[in-house]
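Colleague: can't give you the sequence, but here's the structure:
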């Protein structure tokens, strides 16, 4: 019986995790190809894209907050087969995220140069990045729409739909990067601005594909507009109770990590260029944990929403063990392959290359520890209905430990080796989050059923 349960668990987890991981791998590969093309433009262009990328990063984090808060509800409603609340939860999340996207896009359009000054003290880098941001602003609504739709499709176990949209989007982005950055196939040579235009096109393509699936294909999210906007005071209050902590969590986490970026961006153009390269390479390994975490959230949320609390806990426990073990394997692979991976890029200076290699080697060693709080917060606690726990853990790890440690290390101690600052950044945040997160996990206090379905006896006990 236990063997049968194990087989079903791993089969389900793989069927959900693999498409999610592939989707994120494609996106990361697309970003890596973008970076490889921009690297040939020199360290200033790479540094400018890295600094400007902090705003696309913050947008993605806020979008992730909206989507995660929404899917914390959706996965449980899906498990309870509550189509009414499924529909209006998706509609409410969509309305909120699109409203935010318009405000954010306007901010990037009006104040690009001022915003760039937050992450670089170099005039030329700020100018290049400002040009990039002004164009990227037009991609913002498409990015937000794609995020909320992708996460919502995943919550109802339609994980292939976001994958298809990402395949076409990444291919479009890479093609137009090649056209606009270098002026191929008769297109103008726009260099860094060309990369921004390609991002807008790729984002628009993905949003249109997801919209097509949503409108023209039968799926549980498809509903009359009146059902999707059937909000009342009670619903909005319940939504805010679950989703607002996630949104605040991700937004404040994004702001906090941008403080890291402000410090790192002032450690020299070469170090910052190396760190930008490191961020793109490490994403190739991080995507596998995004897949695991996504599968975990769907399976745990569905089980708890259906009333099977003990089953949800057992599923979560398996993922909590699986994640660091996979971190050891992938971390070792990254550690021993980072040199040939970085060699694929035409890095302008040896200092930038060394900074990238140092960051990647440390990340490979630290990966198992870093993925423990990530899985607990984003995959288990939120799916269980306890969205407040992740907020508290992230604020303690980031604002009470990580930011003070990085500010002191980067501006007061100023170590000769740039990687020391990166190591302090990770370790000061992850250790406390991992310890407190595991304590909360074993307490089972994170299991908070949102749906009305009565608790059922777990047949697998």
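Modeller: Cool, the structure landed. Just so it is clear, the structure is predicted and the values come from calculations on it, not from any experiment. Residues are numbered from 1 along each chain as shown.

Colleague: Tell me where the stretch 151-300 of the chain has helices.
Modeller: Here the stretch 151-300 of the chain has its helices, by DSSP state H, counting those that start in this stretch, at 160-182, 192-216, 225-228, 233-264, 269-305.

Colleague: where does the helix or strand that the longest one is followed by sit relative to the chain's centre, distance-wise?
Modeller: Beyond helix 269-305 on the C-terminal side, the first helix or strand identified by DSSP states H and E is helix 309-343. Relative to the mean C-alpha coordinate of its chain, helix 309-343 is positioned 16 Å out (CA atoms, centre = their mean, to the nearest Å).

Colleague: so after helix 309-343, what's the next helix or strand?
Modeller: Helix 309-343 is succeeded, C-terminally, by helix 350-374 (DSSP H and E).

Colleague: in the chain, which segments are predicted with low confidence?
Modeller: For the chain, applying pLDDT under 70 flags the ranges 1-5, 452-461.

Colleague: Now do the contacts for residue 83.
Modeller: Residues in contact with residue 83 (CB atoms under 8 Å, 6 or more residues apart in numbering) are 220, 223. The way it works is simple: take the backbone N, C-alpha and C, and place the C-beta from them, glycine included.

Colleague: quick one: it from residue 94, how far?
Modeller: 17 Å (CB to CB, to the nearest Å).

Colleague: likewise residue 133?
Modeller: Distance from residue 133 to residue 94, by CB to CB: 25 Å.

Colleague: Could you check which of those two has the larger neighbour count?
Modeller: Using other CB atoms under 10 Å as the criterion, residue 133 and residue 94 rank with residue 133 on top: 25 against 21.

Colleague: Spatially, which residue comes closest to the more buried one, not counting chain neighbours?
Modeller: residue 112 (4.0 Å; CB to CB, 6 or more residues apart in numbering).

Colleague: Now do that neighbour against residue 105, distance only.
Modeller: Distance of residue 112 to residue 105, given as CB to CB: 11 Å.

Colleague: Near residue 208, how many other residues are there?
Modeller: 15.

Colleague: contacting residues for it?
Modeller: With contact set as CB under 8 Å, 6+ apart, residue 208 has no partners.

Colleague: isn't the residue nearest to residue 133 right up against residue 128?
Modeller: No - counting by CB atoms under 8 Å, residue 112 stays clear of residue 128, with 10.7 Å between them.

Colleague: Spatially, which residue comes closest to residue 386, not counting chain neighbours?
Modeller: Nearest-residue entry for residue 386: residue 446, 3.8 Å, with adjacent residues in sequence omitted and distances by CB to CB, 6+ apart.

Colleague: what about that neighbour, neighbour count?
Modeller: 26.

Colleague: Surely it touches residue 440?
Modeller: Yes - contact criterion CB under 8 Å: residue 446 and residue 440 qualify, at 6.1 Å.

Colleague: Need the overlap of contacts for the two.
Modeller: The contact sets of residue 446 and residue 440 overlap at 381, 389 (CB under 8 Å, 6+ apart).

Colleague: ok so, going back, would you format the helices of the stretch 151-300 of the chain as CSV with distance to residue 77 included?
Modeller: What follows is the helices of the stretch 151-300 of the chain, written out as CSV (distance: least, CB to CB, whole Å):
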stretch, distance to residue 77
helix 160-182, 18
helix 192-216, 17
helix 225-228, 13
helix 233-264, 11
helix 269-305, 6
